[in-house]
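>>> Need coordinates for the below:
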Amino acid sequence: MVALFLDLYPKYDSSSRRPHKYTKEIYLLLDEILEAEEEKLKIIGNKKQQLTQLQIYELIEEKGFDIGVSTITNKIREKRNRPKECFIGQDYEFGDRLEYDFGEVTLEINGVL
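Below is the predicted model of the structure:
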């Protein structure tokens, strides 16, 4: 009976594997993009205008690199070193609660914010 379960486990050791497609060039490009985003945040001060992880992945893909979305999003998470967020779904009766957001967008036109 134990022999049946032993066949279910992999016969290779993947613990020492490293990402093959995540090259030094991608590492440097990702650093460059994230630094530009930090500079933009200092100037604009609005996190809602930052690039999403998917948009950053698309920028890297446009540069001709063949790499997976999950690899890039994991590396972004590591580099930003932000804690994971948690959201709690809530249900309200209609009319019990009202929320609204005054949106603000900062633009640079001819070098002037």
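
>>> What ranges does this protein have for its helices?
2-6, 24-44, 53-62, 69-80 (DSSP state H).

>>> Between those, which one is closest to F94.
Proximity to F94 (CB to CB) singles out helix 53-62 among the helices of the chain, at 33.5 Å. All C-beta spots, glycine's among them, are computed from the backbone N, C-alpha and C.

>>> Counting by contacts, list what the closest one packs against.
Counting contacts by 3 or more CB pairs under 8 Å, 6 or more residues apart in numbering; DSSP states H and E, helix 53-62 packs against helix 24-44, helix 69-80.

>>> repeat that for 6 Å
Packed against helix 53-62 by the contact rule (3 or more CB pairs under 6 Å, 6 or more residues apart in numbering; DSSP states H and E) you find helix 69-80.

>>> So what's the predicted local confidence for E38?
For E38, the pLDDT comes out at 90.

>>> for P10, same thing?
pLDDT, read off for P10, is 69.

>>> do the same with T52
On the pLDDT scale, T52 gets 91.

>>> what does R97 give?
R97 is given a pLDDT of 84.

>>> centre of the chain versus stretch 47-54, how much separation?
Its chain's C-alpha centre and that of stretch 47-54 lie 9 Å apart, by CA atoms, centre = their mean, to the nearest Å.

>>> Could you dump the helices of the chain into CSV with mean neighbour count and distance to D91 added?
Listed next are the helices of the chain as CSV, based on neighbours: other CB atoms under 10 Å; distance: least, CB to CB, whole Å:
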stretch, mean neighbour count, distance to D91
helix 2-6, 7, 44
helix 24-44, 13, 34
helix 53-62, 15, 29
helix 69-80, 14, 30
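
>>> R18 is nearest to which of the ones you listed?
Of the helices of the chain, nearest to R18 by CB to CB is helix 69-80, at 11.5 Å.

>>> Average pLDDT for the closest one, rounded please.
89.

>>> What does the pLDDT read for the residue lying closest to K79 once chain neighbours are set aside?
In this structure, K79 finds its nearest non-sequential neighbour in L34, 5.8 Å apart by CB to CB, 6 or more residues apart in numbering. Note for L34: predicted pLDDT of 93.
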